[in-house]
Structures are given as structure tokens and as C-alpha cells.
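J.: 3D model of this:
(3 chains, ligands or ions: 5)
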Amino acid sequence: MNALMIKGLLFAAILIGATIYVVNSMNIDLSDPINMIAMIGAVAIAVLTVGVSIKYINQMKTDTAGGELADESWDGIGEYKNEVPSGWAYSWLGTAIWAMWYMISGYPVNAFSQIGQWNEEVKAYNTKFEEMHKTADAATLRQMGESIFLVQCAPCHGTTGDGLSGKAQDFTSRMTEAQVLAVIEKGSNQLGYPMGAMPPMMATGQDAKDIAKYIAGGMKGEQPASFAACASCHGADGKGMAGMSPNLTGYDETLVGNVVKNGKKGALGRMPAYHDRMTPVQVKALSAYIQTLKGE
Amino acid sequence: MFHWLEKNPFFFSVGVFVVIAFAGLIEILPNFAEASRPVVGLKPYSVLELAGKNIYMKDQCIACHSQLIRPFKAETDRYGQYSLSGEYAYDRPFLWGSKRTGPDLHRIGNYRTTDWHENHMWEPTSVVPGSIMPAYKHMFTNIADIETAYAEAVTVKNVFATPYGDEIKGTRAAWEAHKPAVLAEAAKIAADMKNKDVKDAVAAGNIPEVVALIAYLNRLK
Amino acid sequence: MQSNAALEYDYSVAKLFTYTTILFGFLGMLIGTLIAAQLAFPELNYLLGEYGTFSRLRPLHTNIVIFGFTLSGVFATFYYSAQRVLKVSMAESKFIMFIGKFHFWLYFVGALLGVISLLLGYTQSKEYAQFEWPIDIVIVLVWVLWGVAMFALIGIRREKALYISIWYYIACFLGIAMLYLFNNMSVPTYFASGGLGNILHSVSMYSGTNDALVQWWYGHNAVAFGFTVPIVAMIYYFLPKESGQAIYSYKLSLLSFWGLMFVYLWAGSHHLLWSTVPDWMQTMGSVFSVVLILPSWGSAINMLLTMKGEWNQLTENPLIKFMVLASTFYMLSTLEGPIQAIKSVNAIAHFTDWIPGHVHDGVLGWVVFMIMAALFHMAPRMFKREIYSKKLLEAQFWLQTTAVVLYFTSMWIAGITQGMMWRAVDEYGNLMYSFIDTVTVLHPYYAIRALSGVMYLTGFLMFAYNMYKTMTSSRELTEEPQFRSPMA
Ligand code: HEM
Ligand code: HEM
Ligand SMILES: [Ca+2]
Ligand SMILES: [Ca+2]
Ligand SMILES: [Cu+2]
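T.: Residues are numbered from 1 along each chain as shown, chains lettered A, B, ... in the order given. Ligands and ions are numbered 1, 2, ... in the order given. Take a look at the predicted model:
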């Protein structure tokens, strides 16, 4: 091999090496068939282009031009009647035959369904993860929850879950006074609790303010007497009477599940409904994670 | 044989044309009738949504965003149900895009909301730190061209039989009569927004571009 | 073979198109460099108010380089070389001269209007067909004028058999004519609604999946008949002419040409893999793309073999260097494309930066290199002066070659990384990366690409300066050079 070829292939090797290095540093699983085929394709591009073009460029160094000239000459340009390079001709024939075979008998054009393939992919996923998800312990759930949160929820709630200065719910605390006051004033009927709707104006004026302050403060200290109006549904401890109405003290699984499923429009803005786009395990994981966010 | 062709430019050109036109006939025509059928329940875009689509085109969001969810689990997890042909039946032009510098938007209406878009279009990094998407502040003051959107609805109704109701008709009077409905739709969106200029504009009967754009984005589901 | 020394070729139209090639090349690449920089440094989006965002400028970039730079180059080289290989002068026919000049001026006005309309946001949003309907009509007229000039020249030719370059120019003319018409069919809303709204707005004749099919039937073949076929026409003329070598093999030219014509259009659906077009169509696009490697490589190999035994020319003549490297970049992009068209590879590559990487292997390494080499070859003959500076030319060559390598290596790594990150799942089966993670990770590659843009643009300015000096002030020639272009 001559120097040019070695330099060329070295370049190809560096390119491929760098690609694999970067991909690996992102923790990518190259044994995934799609990833693997793409990587093989990349190698083929680099090696074949460099190899073949340098092979011909080398002929500029070593070979001499020649052959029988055609009669014509255009503006002084002649044309040899040389045969086509056999490697090229056979490759072409080869790809043409391969194409025919592929479309007619190998993978007949009407025999593939991308939707069918998606179904299989999902099924394979389920068998792989179902067991693990069933038995996930608390620590696993929190970790799962974190990665789901970062992909799905962080664009609104921020990567730290602080709600991006009031643009969405701040998970480091429960609710602000303004949020509670808004609910008291307008009532609410969107989360799908067994208790149904919360009526508006259960408290007014100073009462409402006291209640809001109390709830926003994490329901610590002395409970205002007016909170009795709320306790009938949310319980004296504000925990929502075992899932009958929202827990006002923390982000339990029922609350997160209901909000994620149904969405929520409140004082801060609107949160979209995910309907059935989250599995029960994912909801569990999310609430486990969100509960770790509260700052003390 | 070929040398003969090379001396006869006319037949040469005909030969080239036939050879290149051939593939189009076989590959494109057979699909034509079938692929443009709408899925059940698909509604044509409202005039406000069409205006939003035109802003999406004018500012070329398609430069960075696709609207095509491919049938891979990773993609359906991120964006939702894979796209179906019949969902695009009223898309003229199709807006699939060919580059995802930003995420796919085909179902963005499912998981982002008016107030979020308001923050994001004003200053993307305020909600997504590290975003390289440009801020589109000019959309909060530029007024959307609703009349052209109405003309588009009339056109697709008359020429392509897109199922609009009787309120879409090619007369100025019909357009004037339809205007309040468009404004009402815009007002609903503006109600969820905080920007004062936008609210004032809508109250005064003008629809800023961002309102129409958000109507369109919310419609993508 | 008759020698007709008395024939004076008329280069006035070729010269006009040469100027616009340089003008639009500079503009297009300036904007290319700006948008590349915007992805690395988003603050650059706000230099021109609403007209300066990445999204407004990106179509401006693509349209200026395609319809401004590349087409000007195609027309310039056509009006130059067609006269010579057909052995007729435009000066022989007043009609052809008129058509040629009219062609240029209509083109130039249309191009300026097109640029302004895109800046203002008038667009049909279909890639490479963005211009609104009035500009489309101008483009069709420009195209018709070119066809008239082409077939009129062919009609009065003295050289009976058409040279290979002419085959390719004819194919370029026919292919684009057919595709452009179909894809740009639209209904202006003003007229269909009894005079409501903006007169410039229109809606596509096709909807949804059908629109996509027509668009990529066009889009793929705009690449074929805009970035490939006419550039092959150029290399078949300028490489043998500059080197004085005969074409290696007529048979290879023939098989490559007809093979390319036949296969190219079948491959269009590789832009729609995994989309909602029927599976069988996708499979065919994918398979035919792989078949397409060989007819594409045929021309490149023919060119490399034409230079057989001429290593010294390669080392001594920078124009030969440009053209030989252009052939190899052509090989690179016509292997890379087919491999990206394999469905499993496309699952990674599509939507990522690997595609712009592929694009710019082709356009920077093949299209621009070839057009610049052709104009350098033409300049001493059209302006009767030697090329102003060989040193500058050499420096430009190395600067731009480095720039292309930086461009495609950075986008290759960026694209593959991003494509794989989108798919990645963590140990629990949930998506591993949020979208923004897959954006911020690309910053270094976007920065490298922006740097490569600055380098490439600088190289293009060196080219423009060298051309300008060649036109105006370098040493005059008394006699037309036969082969190798003289340079100081
Ligand atoms: C054998 C020849 C070629 C084949 C089979 C091929 C194939 C492809 C494929 C598969 C894509 C990507 C589609 C996607 O996933 O988005 C693509 C994109 C592209 N290629 Fe090629 N390519 C070829 C040669 C070339 C050459 C020589 C050039 C330019 C000089 C070129 C310019 C482009 C452009 C501009 C795009 C981008 C289209 C878009 O906007 O999405 N291709 N090509
Ligand atoms: C200084 C040189 C250039 C630079 C820095 C540059 C940069 C860029 C950038 C940043 C993009 C957008 C990519 C994206 O959206 O991710 C782009 C797209 C494109 N450029 Fe260039 N460009 C240059 C020269 C050219 C030339 C000379 C041509 C053609 C002759 C060209 C043709 C294209 C095309 C066809 C696309 C669209 C690709 C697609 O949609 O996939 N560029 N360029
Ligand atoms: Ca594109
Ligand atoms: Ca157009
Ligand atoms: Cu293509």
C-alpha cells in the first residue's frame, strides 16, 4: 500500500473512531440493531469512498493513458473507446440483480409493514421491562421518575421542578397563597376525584386569606377555625380523606395521577392532560420523584 | 443505435424524457386517490388556525421542526401516536419538514398549552434553558392576515371540496359576517395569555400573529 | 474534424452569468455562514429584526445557492461550452443572441424579486420550491428561454454528434422543466375567493401525503438535475479540456448517462422513509438508491481514469486539483446518500445533521469546486488575460478543502450522535434524553461548522478577487490557450 492510501484510510479510521468515541460517551447502546446498522453504514461510506477513489488516483501516478480514439473530437476533446472497468460493471450488475431479488423474492415490496414492526417493537419492550416494573422498589421508582420527569415535565416545571418562577407548579413547596385563594374563589372541577367538584366561595374575605396562608405554609401551626369548611372534604389533616379529594399537604400518587391524566387549569396556567400516555408505573415513579423535590 | 440518437437531438430528448418520466408514473400516480382521504372525524382548519399555519409558513418553523411521528417506540414515547396519512388530508402544503433541529410538533397540542407557548415564543430560554430557538417577539405586535386565511378557506372549499360550512363563501359580505367568529376564537386564546399588548389588540379587534399561531399549535393533536 | 479557425465565439451572455455566479455565490454562502453561526450562537438571530432569524434566512440560503449561484454557473458554463462543442457562435444568429440576453435579464430580475419575497416571508414552504406563484411563473419563462437558446444552438450546430456535456445539459433542462411544473402547481387564493386577501398567497394543488410525494419526487430530482446532471456536464467538458486528455471511455459515459437517467427518479421516496407513504414505495426508493451508486460512480471513475498517468498535472495545476477532488467528493456523496437511504440507517440519519452533512459534501466539495474550476478555466478565454494568481488559487484550494472536511466530519458526528440519543432508553426502558439534551450536546459541532463556513467563505472571496483581477488587470494574452489555463 502506498502512502496516499495509508493516509486516506487513516483519515477514515479517525473519523469512525471519533464517532464511536462520542457516541459511547453518551452511553449509547451500539448493539441496538438500528444503531449497529447505521454504524456499519458509516464505516462503509468512509472506507469505500477513500479506498476506491485513492485506487484510481494512484493510477494517475502509475498507469499511462491509451486506447483507440473515436473519430470525433469536440473542441479538441477526444474520446477513447476503452472498455468499462470490470469491477464497476460487475458491481452494477450485482446491485441490479440484488435489487430485483430483493423486491421480488427476498423482501417482496408488499410484504413489509412498518406499523407491524412497531407493534413488535412495543411487544418486545413490554416483555423486557414488565417484570422489572412490577417489582420496582422505592429507590428504583425515584430514579425512573427522575428521567421521565426530565423528558416530559421539565419543559414546564423546570429541570429542578421549581416551576420556572411561577410559570407552572413549584414542586419544592405545595401551593402558594394566590393559588389557594384562586381555588377558593372559583372552585374547581377538573381533576376527577370521587368527591367531584369543589364548590366556589366556601370561604371569603379574611377567612379565605387565613386558610390560604395556612395551606401555603404547609398546614403547620395553628389551624384557623374557618378551615372547618374545608375539612369536611379534605379532612382535618388536609390529606384528602384517602383519595376522595386532593391532598393539600403533598404530591401523593393520586394527585399526580389525576393531574397527569386530566390536566389542570389554575392560577398559574394550564397543564395539558396526558390521558393514557403514562403507564401506572410511570405515574407512581413520577410521584415518588416529585416527593423528593420538596425543600425543607 | 446510441450513436444515431446522439446525432438526432429530437429523438435523443424524447428518449431522455421518457426514461425520466417513467418512474413518476409508476411510483406516484397509483397512490393519488387513496392517500388524500381524511381520517374519521377530521375537521378542516378554522380560519384562525389557517392564519396560524400561514404564520408557521411565513416564519418557516419548518426549518427546524418536523410534523411527522415515525413508527418507532422511542418516537411514539416522546411525541405520541405515530402519524397517519389521513390526518394530513387538509394540509396544503404538507408540513412534514426534513430536519429536527427542534422537536417534532405533529401532536404538540397534546402536551403544551397556550400560556407555555406564550412564554416560549417570547423567549425560549425562559422555559427551556439552553434552547437555540430564536425568540419571535415580533409576533406579539405584528397583526395576522386573517382575510387571506379566509380566502384560503374559500379556495379549498370551492376548488378541493374541503367540507366547510355555509359561513365560508367567496364574498366580502360573507367575510365580514364571519369576522366576529374568528375574533371570538382569538379572544379565548388571548384570555389564557398575559401579554398586555396582545390582550389589548384582540380587544380592539386585531389579532396578533402569536394568537393565530398558538391556535394552530393547539390544534396539532 | 474540420478546423474552423475563423469562428469567433461570443461570450457576452456567459460573462453576464459569470458575474451573477460570483455575486450569488458570495451572498448565499455569507448567509450560510450566518445561519451556521446562529445555531452555535443564537444571539446572532437578532441582527436584522424579524428578517434575521435562522428560519427566515435558511430558505434564503438554499434558494440563493441553488437558483442564484448554481443555476448561474450552469447557464454560464452552458453558454460558454455549448458554442464550442457544437461549433457555432452565438454571434451567428441575432435571434439566439437576443434570447440569450433576454434569458439573463429576466433571470436576474426574477432572482432579485425572489430574494426579496422570501425575506418578506412569502413562501409556499415546499423545500426548494418556496417561491410564490408569480416568481414560479418567471422561473418557468426563464427556463423556456434557456430551452429556446439551447435547441436553437443545437439546431444550427456544425458538429453532428452531440458531445456528452450536451446530453447532460439537455437532461437538466428536461428534468427540471417537468419536475418544477408539477411540484409548483397551486391555486392563488385571491382569484379563487372572488378577490379576498393577499394576491400573492396560494395553496398547493395536492394535500398531505400526496403533496409529500410530489414534493420529494421533485426535491430528490432537483438535486439530481440541479446539483448532479449539469455539474457532470461541466466536468465532462472542463476536465479533458483543461488537461488535454481524451475521455477514458465512451462506453462508460454512455452507460452512466442512461443508467443515471433511468434510475434517478425511482429513488425520490428515500426522502419519505418511515413516513405515511405506502411501504412498497419506500422500499423501492430505498432499493433504487443503492442501485444508483454505480451509474453515479461511473462518471466519477471515467473522470479519474481520464487523468490516468497525469499525476504531474494534478500536482502542478490547481484547476485539475479542484476537479479531481470534486470527482471524489461526488463519489463520497453518491455513496453516502444511498447508504442513508437504507431504511435502518435512515431511521438514525433522517431529521439529523448527518443530512446537511451529506448535502454539503455534495455541494461544497462537488458543485462549488466544479463551478469555480470551470469559471477559472473560462476566464482567460473570455477576458483574454491570464489567471491573476496561482498562489492565491493554491491557498484557496487548501483552505476550502479543509473547510469541507471540517463541515462534514462535524455534521457526521453530530448527526449520528443526535440520531442515536433520540432513540436511547435508560435501564428502565424510559427515554434517556430530553430533547434539549440532544440540542446542547451539539454545540461544539455547530461551532466547528460555523468555523468551516468562515473558512469556506474566505476561500470563495479569494476566488472572487482572483476572478476580478483576472478580468481587469492581469497580463493580457495574445492567443487563446489550447489546454492548460495560464496563470501568474
Ligand atoms: C446516489 C446519489 C444520492 C442518493 C441516493 C442520495 C440520497 C439521499 C438521502 C437518502 C437523503 C436523506 C433524506 C432524509 O432522510 O432526509 C438525501 C438528502 C439530500 N441529498 Fe442526497 N443522495 C445522493 C446524492 C446527492 C448529491 C450528489 C447531492 C448534492 C450535490 C445531494 C444532495 C442532497 C440534498 C440537498 C439533500 C437534502 C434534502 C432535504 O432537504 O431533506 N445528494 N440524499
Ligand atoms: C459557506 C458555505 C456554507 C455554509 C456554512 C452552509 C451552511 C448551511 C447551514 C447551516 C444549513 C442549515 C442546516 C440545518 O438546518 O441544520 C444549510 C443548508 C443547506 N445548504 Fe448550505 N452552507 C454553505 C454553502 C452551501 C452551498 C454552496 C450550497 C449549494 C450549492 C448549499 C446548499 C444547502 C442546501 C441544499 C441546504 C438544505 C439542506 C437540507 O435541507 O437538508 N450550502 N447550509
Ligand atoms: Ca431539508
Ligand atoms: Ca414555488
Ligand atoms: Cu434524494
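
J.: with adjacent residues omitted, what lies nearest to the residue nearest the centre of chain C?
T.: With distances taken as C-alpha atoms, centre = their mean, chain C has residue C:227 as the residue nearest its mean C-alpha position (3.6 Å). Spatial nearest neighbour of residue C:227, chain neighbours left out: residue C:367 (5.3 Å); criterion: C-beta to C-beta, 6 or more residues apart in numbering or on different chains. (Each C-beta comes from the backbone N, C-alpha and C, glycine too.)

J.: and the residue nearest to the centre of chain C, backbone torsions?
T.: phi -100, psi -10 (degrees, to the nearest 10).

J.: burial measure for residue B:196, as a count.
T.: 9 (other C-beta atoms under 10 Å in any protein chain shown).

J.: how much space between it and chain A?
T.: Per C-beta to the nearest C-beta, to the nearest Å, residue B:196 is found 16 Å from chain A.

J.: flag every residue of the stretch 1-150 of chain A that's near chain B.
T.: For the stretch 1-150 of chain A, the residues in contact with chain B (C-beta under 8 Å from any C-beta of the partner chain) are A:114, A:115, A:117, A:118, A:121, A:122, A:125.

J.: including neighbour count, secondary structure and pLDDT, could those residues go into JSON lines?
T.: What follows is the residues of the stretch 1-150 of chain A next to chain B, written out as JSON lines (neighbours: other C-beta atoms under 10 Å in any protein chain shown; DSSP: H, G, I helix; E, B strand; the rest coil; pLDDT from 0 to 100):
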{"residue": "A:114", "neighbour count": "19", "secondary structure": "helix", "pLDDT": "94"}
{"residue": "A:115", "neighbour count": "11", "secondary structure": "helix", "pLDDT": "95"}
{"residue": "A:117", "neighbour count": "15", "secondary structure": "helix", "pLDDT": "94"}
{"residue": "A:118", "neighbour count": "18", "secondary structure": "helix", "pLDDT": "96"}
{"residue": "A:121", "neighbour count": "15", "secondary structure": "helix", "pLDDT": "94"}
{"residue": "A:122", "neighbour count": "14", "secondary structure": "helix", "pLDDT": "94"}
{"residue": "A:125", "neighbour count": "15", "secondary structure": "helix", "pLDDT": "92"}
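
J.: what residues are up against the nearest residue to residue C:364 once chain neighbours are set aside?
T.: Spatial nearest neighbour of residue C:364, chain neighbours left out: residue C:404 (4.7 Å); criterion: C-beta to C-beta, 6+ apart. Residues in contact with residue C:404 (C-beta atoms under 8 Å, 6 or more residues apart in numbering or on different chains) are C:329, C:360, C:361, C:364, C:365, C:452, C:456.

J.: give me the spatial nearest neighbour of the fifth one, chain neighbours excluded.
T.: Once its chain neighbours are removed from consideration, residue C:365 has its nearest residue in residue C:329; the separation is 2.8 Å (C-beta to C-beta, 6+ apart).

J.: quick check: domain ranges of the chain?
T.: You didn't say which chain, so I picked chain A. A:3-61+A:88-106, A:136-293 (automatic domain parsing).

J.: looking at chain B here, not the other one
T.: B:2-35, B:47-219.

J.: which among those domains is found nearest to residue C:41?
T.: Taking C-beta to C-beta, domain B:47-219 is the member of those nearest to residue C:41, at 8.7 Å.

J.: next, see if that closest one gets close to ligand 2.
T.: Yes: using C-beta under 6 Å from any ligand atom, domain B:47-219 reaches ligand 2 at B:98, B:99, B:101.

J.: CSV for those, including distance to ligand 4?
T.: Below are the residues of domain B:47-219 next to ligand 2 laid out as CSV (distance: C-beta to the ion, whole Å):
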residue, distance to ligand 4
B:98, 17
B:99, 19
B:101, 23
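
J.: nearest to residue B:40, of those residues?
T.: Each of those was checked against residue B:40 using C-beta to C-beta; the closest is residue B:98, at 29.1 Å.

J.: surely the closest one touches residue C:127?
T.: Yes: between residue B:98 and residue C:127 there is a contact under C-beta atoms under 8 Å: 6.4 Å.

J.: now for whichever strand or helix holds residue A:133, which elements pack on it?
T.: Assigned by DSSP states H and E, residue A:133 belongs to helix A:114-134. Packing contacts for helix A:114-134, counted by 3 or more C-beta pairs under 8 Å, 6 or more residues apart in numbering or on different chains; DSSP states H and E, involve helix B:73-79.

J.: list the contacts of the helix it packs on.
T.: Helix B:73-79 has contacts (C-beta under 8 Å, 6+ apart) with A:118, A:121-122, A:125, A:151, B:69, B:82, B:103-104, B:106-107, C:422-425, C:430-431, C:435.

J.: show me which of those are buried.
T.: A:118, A:151, B:69, B:82, B:103-104, B:106-107, C:422-425, C:430-431, C:435 (16 or more other C-beta atoms under 10 Å in any protein chain shown).

J.: out of the domains of chain B, nearest to residue C:254?
T.: So among the domains of chain B, domain B:2-35 is nearest, using C-beta to C-beta, at 5.7 Å.

J.: and that closest one, does that touch chain C?
T.: Yes: applying C-beta under 8 Å from any C-beta, one finds domain B:2-35 touching chain C at B:2-3, B:6-7, B:9, B:12-13, B:16-17, B:19-24, B:27-28, B:31-32, B:35.

J.: please spell out the ChimeraX selection for the buried subset of these.
T.: The following ChimeraX line selects those of these that are buried, judged by 16+ other C-beta under 10 Å:
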select /B:6,9,12,13,16,17,19,20,23,24,27,28,31,35
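
J.: now the chain, which segments are flagged as low pLDDT?
T.: Because you didn't say which chain, this covers chain A. A:1, A:295-296 (pLDDT under 70).

J.: nope, chain B please
T.: B:1, B:33-35.

J.: not counting its neighbours along the chain, what's nearest the residue nearest the centre of it?
T.: In chain B, the centroid-proximal residue (C-alpha atoms, centre = their mean) is residue B:53; its distance is 4.0 Å. In this structure, residue B:53 finds its nearest non-sequential neighbour in residue B:216, 5.1 Å apart by C-beta to C-beta, 6+ apart.
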